[in-house]
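Novice: task: produce atomic coordinates for the following.
(3 chains)
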Amino acid sequence: MIILFGVFIRYDEESDPHWVEHKKAHNISSDIENDFYFRYPSFQDVHVMIFVGFGFLMTFLKRYSFGAVGFNFLIAAFGLQWALLMQGWFHSLDYNDGKIKIGVENLINADFCVAGCLIAYGAVLGKVSPVQLMVLTLFGITLFAVEEYIILNLIHARDAGGSMVIHTFGGYYGLSVSWMLYRPNLDQSSRLQGSVYHSDVFAMIGTLFLWMFWPSFNSAITDHGDGQHRAAINTYLALASTVLTTMAISSLFQKHGKLDMVHIQNSTLAGGVAVGTAAEFMLMPYGSLIVGFCCGIISTLGYIYLTPFMEKHLKIQDTCGIHNLHAMPGLIGGIVGAITAAAASESVYGHEGLINTFDFEGAYKNMPPTKQGGHQAAGICVAVCFGIGGGIIVGCILRLPIWGDPADDNCFDDEPYWEVGGSSLVFS
Amino acid sequence: MIILFGVFIRYDEESDPHWVEHKKAHNISSDIENDFYFRYPSFQDVHVMIFVGFGFLMTFLKRYSFGAVGFNFLIAAFGLQWALLMQGWFHSLDYNDGKIKIGVENLINADFCVAGCLIAYGAVLGKVSPVQLMVLTLFGITLFAVEEYIILNLIHARDAGGSMVIHTFGGYYGLSVSWMLYRPNLDQSSRLQGSVYHSDVFAMIGTLFLWMFWPSFNSAITDHGDGQHRAAINTYLALASTVLTTMAISSLFQKHGKLDMVHIQNSTLAGGVAVGTAAEFMLMPYGSLIVGFCCGIISTLGYIYLTPFMEKHLKIQDTCGIHNLHAMPGLIGGIVGAITAAAASESVYGHEGLINTFDFEGAYKNMPPTKQGGHQAAGICVAVCFGIGGGIIVGCILRLPIWGDPADDNCFDDEPYWEVGGSSLVFS
Amino acid sequence: MIILFGVFIRYDEESDPHWVEHKKAHNISSDIENDFYFRYPSFQDVHVMIFVGFGFLMTFLKRYSFGAVGFNFLIAAFGLQWALLMQGWFHSLDYNDGKIKIGVENLINADFCVAGCLIAYGAVLGKVSPVQLMVLTLFGITLFAVEEYIILNLIHARDAGGSMVIHTFGGYYGLSVSWMLYRPNLDQSSRLQGSVYHSDVFAMIGTLFLWMFWPSFNSAITDHGDGQHRAAINTYLALASTVLTTMAISSLFQKHGKLDMVHIQNSTLAGGVAVGTAAEFMLMPYGSLIVGFCCGIISTLGYIYLTPFMEKHLKIQDTCGIHNLHAMPGLIGGIVGAITAAAASESVYGHEGLINTFDFEGAYKNMPPTKQGGHQAAGICVAVCFGIGGGIIVGCILRLPIWGDPADDNCFDDEPYWEVGGSSLVFS
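Specialist: Now for the predicted structure:
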């Protein structure tokens, strides 16, 4: 890794000391126009989502909190470095000197890339070894970089918040891996598969940090100015709407009208996923509410009916229910994005606004918005194919009996991989 | 909600794709001057305070952590949407086309509005049903929007951090509701009214995030430039001072000189409340320390003497002690603001500085600062009246026997409203 | 404190209402160029590290979570005020009117100053009384301000992330104090010296917030523009690299290849410490990875071999292992900084870039980089001397039998200083 970084990675012109001269050459009046100040607050919010958000969201299991937070940390730290190389390599195809120039935008993109793998981790949580997770991440990041390059650069689809690129891909990637690693005797670990009171409270830390910072996630790499502003507002509204629907559905479909923490921890976030692609478009505030409303229903019902069905009949054991939180809402997000793009017009966006928002420049000058809608739809297909295809291949690799995966009655337990000392009985 | 948003809510000019043209028309040189970049980091800090801060602060009860975090989440997500409509409706009175234009400042204001209701929730924590909380929020937001419009627009009082508008109103609103919902037999739940060791640690997460981000709260909607800068510094100093006084008083007035977590969790925040109104004024660094010093004493003594007194003699059961953390410090903050405003002079603020800070423009041109002090004082009265009056009315509504409130021996227990499964005995 | 603030502390020109005139006089085009907007997001991140990061990192002990979070809060709030005075006093030597002008940069510096004392607290965690901590802080802040002034202003060393000024000083200060306060019979408290399952999860909150926001820490007071940008990137890479090495070493050197939470909680952060001084230099991305790689190894091995050795043979009881997390990586950071500075050249930095990065202005105009390397090395020596010397003196003072320190069998227990009520048995 060090050697690869030594050969390929350099600072970009905004993080290089030649910035002083760059500023003069480009007639930039102030240091505050360095991309750092446009993106750094959002970058830190995304960073919190990756490490605290995903990490703590998965602590809900009574005896797998170390693994949830710790392996999440491991995957993310490893994935970030690999993603900088992989994504950078594709972006560097435009440059002359073959070097990868990195700045704050690359760090955000690396975080996004890692998010895809952490979503996949959610499906296999508690059932794989750390070595398997490293393999999962290595291939996941690589697949992600290829898929992203195809969708964003070759197909020229737009995907600010990554509904397709991150969530759809990550979701189906994880589900396929989990399908390949199906364990028929997993019920031997059923005593450990639930939560206890305060492991649920820990998980709420993850939920809340994901929920709060999702507007930063969806706006982190959008265009400066109105694009970031609008993406944040749309995401905020969709999320607020999802919370209400999730609580209502959870209460309606449970016996005695009680709320279920699993739904509150997960489905409340579905709106943020589903508004990802269209966040920077003119989705309109009421459109965001509608998207959030629908996703709250679908995601909660998914937890109640679909996850048990998939486990029983499709042999897909989805520990965190990523199908309901990422895969389905990601698909919806892609579709919403395609429709919103196809419906775009100069009367709504203004002449320059339309060009800026959809990046109708260069080879795509004078592209009609309806055609852009088709490109968006093509993007969804690519994401699903890469997710399922990649997942099946990587799943096959992970079935090799060399990775030290836990026995069926040791799943969802920190004991095999962590020093838990004499305190291990406190939770039981 | 979706229909109302569809009819009324639109993007403002800084989150609309016409921003490109707006920039040119107003001769704005860079995207970084979009209001988004001035306000978004503070907005996210405020957002964290609302969801993690208030949510976790209330997890101190041993068996009501789900309710604390979960219902806080519900109130906030519902309240945000309603607040955008209510506050927007009043602000839109100045526009021609009857549409509500939203941008990041409106999102912050909605968070502020929700804060008022979450304060009120603190008084009734554990004693009401989720449906009652929705009603409490619906009316609370509406009252807040009216009260805010009167104080800020009609009376032309300044209240950057909302000592009057948020804390005084929210505090008395909650206390009045709690007074109307008095339960004489609440001691049947006394076994559940305390904390356990790690529920107190969870609550410290809330305390710390509130404490750290309070400078962002008080500076979030102040004037760009020196106003935000000064508000952050003043709040920071007041809070630092309060921590020391709280620890000293807590240790002095307890037997054996031991510290009490209730005081550390709550009273350490009182300085931020009390410096809210005057945060953007020339309170001076030592002035902030004095305010923090006094509030630490008053708030801690309030927990030791006043809360038991109110419960016993005034029939006000105040679960979180919001009278000590919000109502009293809010009043002090209003008074400090009135005094500081009345004492303002051109020699301290400079000619333009005075006009900017107090917004002496339009109808208020040439207004003497002493008169502004009177307006501030009038603002305090309005906040108290709305709080007490509104709380009594809403309390009456909530006494109707249709809302499914918990029985006296089921208070402070998650059991009636949440699936807690077999793990429910871990904490007892 | 209030009197001292009243006499000495004023707002600086960017937080004063005369900013309007200042802007005109200095031809500043927009409010966004107020230093507030360059620094405030990083300031808040640093603030989170100080209060949540350090506070929760130390909650790992099973019965000392109140003390960890609570006394951390006390030290920080007290230290901030004292640091504003002490640091401000030294910086005010350049002014004419003897007043200390404060703005957001001073708040960050005060947080840095406090960090030094909190590091020292890590060494004596659980073995001292709150009064002793106040004394430790009072002297620690004062020593820090002197040491910082010597290193940064007199010697003209650069230390953006404080590897020398904060970590080396704070580490050796704490270790020396702990050496002076050696308790031969500490094993009487050994039943309380471990962690339990969820106290380790609480500690991970601290670890993650420190890890995530370390790029903000190292870039918070660097030069606007490319300096902040580069510092963030370097820190980010070093930290990512450290996580991988730590996990690998932890697993290799434990029996059965199990991971140890102590290493994950602490050693993963060592890379951020070690890249502090050189963060704003042209360390290059691969250089950051190398630094992180080495530190992960050294720090983890330190926990396995060095801490037990120091406790047994050198009579230094280091509760949190600050020698492995702060003292050694700080030294490495200082050395890396000296080498990087000595190797600087105009071909890499550009003419103006070199001057800006190393501040070669005024008396230091035309200073050769190799000489700057020597100044950096001198800085390391000063930090170590102040740490050890100051720690021994303050340790002597703290040995006086007037401070109410806990008995040997009461160490690592919240009972002596906190109301823990009937819940005290839950963790045992």
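
Novice: what's in contact with the helix or strand bottoming out on mean pLDDT in chain A?
Specialist: Within chain A, confidence by mean pLDDT, DSSP states H and E is lowest for helix A:2-8 among all helices and strands, at a mean of 79. For helix A:2-8, the surrounding residues in contact (Cβ atoms under 8 Å, 6 or more residues apart in numbering or on different chains) are A:81, A:84-85, A:88-89, A:92, A:98-100, C:237, C:241, C:284-286, C:289-290, C:293. The way it works is simple: take the backbone N, C-alpha and C, and place the C-beta from them, glycine included.

Novice: give me every residue in the stretch 51-200 of chain A lying close to chain B.
Specialist: Counting by Cβ under 8 Å from any Cβ of the partner chain, the residues of the stretch 51-200 of chain A close to chain B are A:Lys62, A:Gly194, A:Ser195, A:Val196, A:Tyr197, A:His198, A:Asp200.

Novice: and the third one, how close does it get to chain C?
Specialist: For A:Ser195, the distance to chain C equals 13 Å [Cβ to the nearest Cβ, to the nearest Å].

Novice: run a quick neighbour tally on that residue.
Specialist: Neighbour count of A:Ser195, defined by other Cβ atoms under 10 Å in any protein chain shown: 20.

Novice: what does the fourth one give?
Specialist: Applying other Cβ under 10 Å, we find 23 other residues in the vicinity of A:Val196.

Novice: what do you get for the second one?
Specialist: Using other Cβ under 10 Å, A:Gly194 has 16 other residues around it.

Novice: measure it to A:Leu186 for me?
Specialist: 13 Å (Cβ to Cβ, to the nearest Å).

Novice: also the last one?
Specialist: According to Cβ to Cβ, A:Asp200 stands 21 Å off from A:Leu186.

Novice: mind listing what A:Leu107 touches?
Specialist: So, once contact is read as Cβ under 8 Å, 6+ apart, A:Leu107 ends up touching A:Phe43, A:Leu80, A:Leu84, C:Ala232, C:Ile233, C:Tyr236.

Novice: show me the contacts for A:Phe36.
Specialist: Applying Cβ under 8 Å, 6+ apart, the residues near A:Phe36 are A:Glu14, A:Ser15, A:Gly103, A:Val104, C:Gly225, C:Gln228, C:His229, C:Ala232.

Novice: residues near the last one, how many?
Specialist: Meaning C:Ala232. 29.

Novice: over to the second one?
Specialist: The number of residues packed around A:Ser15, counting by other Cβ under 10 Å, is 26.

Novice: wait, it touches C:Thr222, no?
Specialist: No. In this structure, A:Ser15 is not within contact of C:Thr222 by Cβ atoms under 8 Å, at 11.4 Å.

Novice: list residues touching both of these two?
Specialist: C:Arg230.

Novice: same list (the contacts of A:Leu107) but as a markdown table, adding pLDDT and secondary structure.
Specialist: Below are the contacts of A:Leu107 laid out as a markdown table (pLDDT from 0 to 100; DSSP: H, G, I helix; E, B strand; the rest coil):
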| residue | pLDDT | secondary structure |
| --- | --- | --- |
| A:Phe43 | 91 | helix |
| A:Leu80 | 92 | helix |
| A:Leu84 | 90 | helix |
| C:Ala232 | 93 | helix |
| C:Ile233 | 93 | helix |
| C:Tyr236 | 93 | helix |
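
Novice: pick out whichever of those residues sits closest to chain B.
Specialist: A:Phe43 (11.6 Å; Cβ to the nearest Cβ).

Novice: contacting residues for the closest one?
Specialist: A:Val104, A:Leu107, A:Ile108, A:Asp111, A:Ala220.

Novice: derive a PyMOL selection command for the buried subset of these.
Specialist: Per 16 or more other Cβ atoms under 10 Å in any protein chain shown, the buried members of these correspond to this PyMOL selection:
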select buried, chain A and resi 104+107+108+111+220
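
Novice: per-residue confidence for A:Val275?
Specialist: pLDDT for A:Val275: 94.

Novice: doesn't A:Tyr236 make contact with it?
Specialist: No. A:Val275 is beyond contact range of A:Tyr236, at 9.4 Å (criterion: Cβ under 8 Å).

Novice: more neighbours: the two, which one.
Specialist: Neighbours per residue (other Cβ under 10 Å) separate A:Val275 from A:Tyr236, with A:Val275 holding more: 36 against 33.

Novice: where is the longest helix in chain A?
Specialist: What stands out as the longest helix in chain A, according to DSSP state H, is helix A:369-399.

Novice: need the contact list for the nearest residue to A:Trp418 once chain neighbours are set aside.
Specialist: If the residues on either side of it in the chain are set aside, A:Trp418 comes closest to A:Phe66, at 4.6 Å by Cβ to Cβ, 6 or more residues apart in numbering or on different chains. By Cβ under 8 Å, 6+ apart, A:Phe66 lies in contact with A:Asp414, A:Tyr417, A:Trp418, A:Val420, C:Tyr197, C:Asp200, C:Val201, C:Leu259, C:Met261.

Novice: so the closest residue to chain C within chain A, which state does it fall into?
Specialist: For chain A and chain C, the shortest gap (Cβ to the nearest Cβ) falls at A:Pro17, measuring 2.8 Å. With DSSP: H, G, I helix; E, B strand; the rest coil as the basis, A:Pro17 sits in coil.

Novice: please verify my assumption that it contacts C:Glu346.
Specialist: No. Under the criterion of Cβ under 8 Å, A:Pro17 makes no contact with C:Glu346, lying 9.9 Å away.
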